[in-house]
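Visitor: Structural data only, the sequence is not supplied:
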């Protein structure tokens, strides 16, 4: 618990320095809404960390590219960026196509197995 108190105090000190909190009149609701505006990238990072500490935001790391993603408004099963997943699917599809082209050009199963030693009967892709 003392560590959490320290984290909260540190975040509060950093946010007080440079993050501006104002009220903004929105046309959609015709009432003031809170508007938080950090002055620079470091202040934006402190603000994101603050939202995570208080439980307002949830962040996960993409296992493919390693970048962090705000998954607060995404489905609970989010695992990776859609672009990263599409790239992986495209690469697998390309590898399958190349393998089938080699099989169609009378390449022997023994040669395919020798090129892919971890696969059985050349079907490892």
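Guide: Looks like it came in fine. A quick note: this is a predicted structure, and the numbers were derived from the prediction, not measured.
Visitor: quick check: domain ranges of this protein?
Guide: Following automatic domain parsing, one gets these domains for the chain: 2-57, 83-115.
Visitor: average pLDDT for the longest one?
Guide: Read that as domain 2-57. In this model, domain 2-57 has an average pLDDT of 79.
Visitor: May I have the distance across it, first residue to last?
Guide: 22 Å (CA to CA, to the nearest Å).
Visitor: How far does it sit from its chain's centre?
Guide: 21 Å (CA atoms, centre = their mean, to the nearest Å).
Visitor: longest helix in the protein, by residue count?
Guide: helix 82-104 (DSSP state H).
Visitor: What is that helix packed up against?
Guide: helix 109-115 (3 or more CB pairs under 8 Å, 6 or more residues apart in numbering; DSSP states H and E). For every residue, glycine as well, the C-beta is placed using N, CA and C.
Visitor: just checking, residue 15 touches residue 48?
Guide: No: the pair residue 15 / residue 48 is not scored as a contact, 11.1 Å apart, by CB atoms under 8 Å.
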